[in-house]
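Trainee: Curious how this folds, go ahead:
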Amino acid sequence: MEGRQPAGGKAGSRTSGSAKASARGGMDFARLDSFFNPSSLALVGATDRSRWSWSAFHNWRTYSEGPCYLVHPRHQKVHGEPAFPSLSAIGESVDIAYVMVPTDQVLPVMEEAASIGIRNAVILTAGFGETGPEGAALEAKLVELAEAEGMLFLGPNGNGFVNAARGRTPYGLPIAPPLRRGPVGIVLQSGGLASVVLGMAQARGVGTTMVVSTGNEAMVGATDVIGYLAAQEETRAIAVFLESIRQPEHFKEVATAALEAGKAIVALKAGRSAAGSRAALAHTGAVAGDAAVVQAVLDSLDVVRVTSLEDLLTTAGLLGYQPRRLGRRLAVVAVSGGACDILADRASDEGLELPEYPPATLAALEELLPPYSNPHNPLDVTGYVVVDANISARSLEAVVASPAGHFDEVLYQTTIPQAAPPDPAPLMARYAALAELVARSPLPVLLQSSGPAGGGFADEVLDRFGFFVLDGIEHGMSALGSAVRWQERREALLSRPRPAPAPRLEPPPGATGTFGEARARALLAAHGVPVVPTVIVHNVGEALSAARTFGGPVALKVAADTLLHKSDLGGVELDLRTEEEIEEAAERLLAIAETHHVGDEGLQVAPMRRGGVELLASVRCDPAWGPILVVGLGGVWVEVLGETSLLPLPSGRVEIEDALRSLRGYQLLEGGRGRPGVDMEALIDSLTGIARLGEGLGDALDTLEVNPLWAGPSSCEALDALVVWAR
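Mentor: As a prediction, this is how the structure comes out:
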């Protein structure tokens, strides 16, 4: 065997460091292409007692071409075929090894594979990084070997992959027929769930390019596979089940590339964490936890977020099968009044419009439908469909002939039975006519059924006519709403220049622990963020003098960096108008300062800002995703309402304005009912300054919080601030 060329030729280039490239963020797509397209398979540890072995063997023999070699050190026959005692004994080139041996035997098997030129492997075996330090150390040895030998492996602790587009199935769980090819790639950070999702896809008529279970991701990660699928011509949408995003910067690059290529990523992200509240000294931690940050990042990348496997597949299916642009003006042709009512409600939920039919369309429908019908959008073709089976299709014909620009798409309810009728010819003729109408329609025609569309006779219809049928009203309308928003967001993102990163800033002297209001405001002012003018005083007389200087109602606060939430201690007095009020307040606050041993720092005197709107503006440096801008209504409202908008940085003025507009309280900023609106330019200037300061401080910062940020009719100022340093 000495001197044999690596398996499959193209897969065998000694790409030493391929795993290192993945860890840094990015694996060569040509290398992945050779990995995911093996022409021969060795099942190492094959045995009749293992369902994984049976499944992997049956899958390859059923759906793949090329030899499958069975390897077991003691059994001469497995699955009714001759077995080899070792990989070396095969004596033929092997493209990929599927490793099912006990944990302590995986490394020796991989060493043998390397020695005879096998450069690809799927490691099914568990007991590695997922089990703790000892398993992680063993996993690290596998990676070290693979890097040194130019090998690539998927897993460990993963079931493998199904390459439906090219008929390659090194996969260890049953694959029920039919293995339908289609435009959707599926990536899962789960083993057993892959088969569940594949079965659900088949039941819904969703054809796939690939289904990949990434396991522990020791070398090939979910992000690598997403990037590979986005670069594939056959893949037009990518469905992803994520437990974690282990390569944040690489994920951003991959998602951006997919967006530019017009490949939608639809993600079901599992898991929530309270780790985001670590900056408990600030309000930000309570409203910008890990789940909220991930959602904000996915939104900024136009990754479609769903909450169920059904929505994952239906949404990815729609985005994969429907290449034409969708919009908010929807026409509906349905089979019952009840369905029309539900569809109308769900359209409203998704922000879709149901314009009435134009006069010409309405006249055509009135001629087609029975006299007792009341044609409007959504259209109920009535129970007359039982008498005339073609009335629904003729109504669809009339709707798609509506004047250009009136509707963006048509939703057409249909049913494809799973059991063939005694004489299927008439039904097949109707489907053929429907396929012809869909193909020539100037509008996208979306088919929607009352449930999953695949199985039995339905599979024959789907395959013959290339239909994709939305899975029920609920999931179908969710998918349509998500698809429209994805397209709108994509167009907006691609039309804007990417915001430039903020320049890197050196933290100020003493940047440890926390900066209370005085030092935090000084930091803001030094970087151009407007702050309310403030005077530090140490006695009642100085407080009165400062108040006279401001010439109006004032606020007094204890000036102590160590008292971060002064209002909780009674350390804040607001709207003081008379000298008597100022004297009494100053005496009380000085006593509080003395009680808390901060008397030397004195009091802060600042003018009151009346009217306007108070906001929270904060930058949190997330350990995975970097700086995140948080904006919302401020003061006590941030905790009462709990409504904020999060933006990954860098973000520009347009994105910041969009974040403000997304708040339910945005109407307060616009004014109305006799109260003026705020100076939006000044507000966005301040938010931009806060964002760039926080971003520029980088990982030296934990949280920079301005609460409240006061926005008035002609100005914007930071009234209070807090900085929590990362170190």
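Trainee: Now the residue lying closest to residue 368 once chain neighbours are set aside: which helix or strand?
Mentor: Distances taken as CB to CB, 6 or more residues apart in numbering place residue 394 nearest to residue 368, at 5.3 Å, with adjacent residues excluded. Heads up, the C-betas are built off the backbone N, CA and C, glycines and all. Under the criterion of DSSP states H and E, residue 394 resides in helix 391-400.
Trainee: got it, and residue 505?
Mentor: Counting by DSSP H and E, no helix or strand carries residue 505.
Trainee: Surely it is in contact with residue 697?
Mentor: Yes: Residue 505 is within contact range of residue 697, at 5.4 Å (criterion: CB atoms under 8 Å).
Trainee: Which one's more surrounded, those two?
Mentor: residue 697 (26 against 17; other CB atoms under 10 Å).
Trainee: per-domain residue ranges of this structure.
Mentor: Per automatic domain parsing, the structural domains of the chain span 10-318, 324-495, 533-607, 613-725.
Trainee: So for residue 527, which of those domains sits nearest?
Mentor: domain 613-725 (4.7 Å; CB to CB).
Trainee: Do me a favour and get the end-to-end distance for that closest one?
Mentor: 28 Å (CA to CA, to the nearest Å).
Trainee: nearest to residue 512, of the domains of the chain?
Mentor: Nearest to residue 512, of the domains of the chain and by CB to CB, is domain 613-725 at 5.5 Å.
Trainee: tell me the mean pLDDT over the closest one?
Mentor: Taken as a whole, domain 613-725 has an average pLDDT of 91.
Trainee: So, low pLDDT: which residues of the chain?
Mentor: Scanning the chain for pLDDT under 70 picks out 1-26, 272-289, 384-387, 389, 451, 563-565, 568, 597, 599, 635-642.
Trainee: Go again with 80.
Mentor: The model of the chain has pLDDT under 80 over residues 1-26, 191-192, 271-290, 383-389, 450-454, 560-570, 596-601, 635-643, 672-674, 727.
Trainee: longest single helix anywhere in it?
Mentor: Identified as the longest helix of the chain according to DSSP state H is helix 472-495.
Trainee: Toward the C-terminus from it, list the very next helix or strand.
Mentor: Helix 472-495 is succeeded, C-terminally, by strand 514-515 (DSSP H and E).
Trainee: okay, the domains of the chain in a markdown table with distance to residue 513 next?
Mentor: Listed next are these as a markdown table, based on distance: least, CB to CB, whole Å:
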| stretch | distance to residue 513 |
| --- | --- |
| domain 10-318 | 10 |
| domain 324-495 | 39 |
| domain 533-607 | 9 |
| domain 613-725 | 6 |
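Trainee: where do the strands sit along the stretch 101-250 of the chain?
Mentor: 120-123, 152-154, 160-163, 181-188, 208-213, 237-242 (DSSP state E, counting those that start in this stretch).
Trainee: Could you point out which of those strands sits nearest residue 100?
Mentor: strand 120-123 (8.7 Å).
Trainee: How about the secondary structure of the residue of the chain positioned farthest from its centre?
Mentor: Farthest-out residue of the chain from its mean C-alpha position, per CA atoms, centre = their mean: residue 541, at 58.0 Å. On the three-state scheme (DSSP: H, G, I helix; E, B strand; the rest coil), residue 541 is labelled helix.
Trainee: The one 5 residues further on now?
Mentor: In terms of secondary structure, residue 546 is helix; the call rests on three-state DSSP.
Trainee: That one reaches residue 535, doesn't it?
Mentor: Yes: look at residue 546 against residue 535 with CB under 8 Å: they come within range, at 4.1 Å.
Trainee: So which of these two has more stuff around it?
Mentor: The residue with more neighbours, out of residue 546 and residue 535, is residue 546; 23 against 19, by other CB under 10 Å.
Trainee: quick one: contacts for the more buried one?
Mentor: 535, 537, 554, 605 (CB atoms under 8 Å, 6 or more residues apart in numbering).
Trainee: swap in residue 713?
Mentor: Counting by CB under 8 Å, 6+ apart, residue 713 has contacts 611, 612, 676, 677, 678, 679.
Trainee: now these as JSON lines including neighbour count, secondary structure and distance to residue 647?
Mentor: Formatted as JSON lines, these follow (neighbours: other CB atoms under 10 Å; DSSP: H, G, I helix; E, B strand; the rest coil; distance: CB to CB, whole Å):
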{"residue": "611", "neighbour count": "12", "secondary structure": "coil", "distance to residue 647": "27"}
{"residue": "612", "neighbour count": "23", "secondary structure": "coil", "distance to residue 647": "23"}
{"residue": "676", "neighbour count": "13", "secondary structure": "coil", "distance to residue 647": "26"}
{"residue": "677", "neighbour count": "16", "secondary structure": "coil", "distance to residue 647": "22"}
{"residue": "678", "neighbour count": "23", "secondary structure": "coil", "distance to residue 647": "19"}
{"residue": "679", "neighbour count": "18", "secondary structure": "coil", "distance to residue 647": "21"}
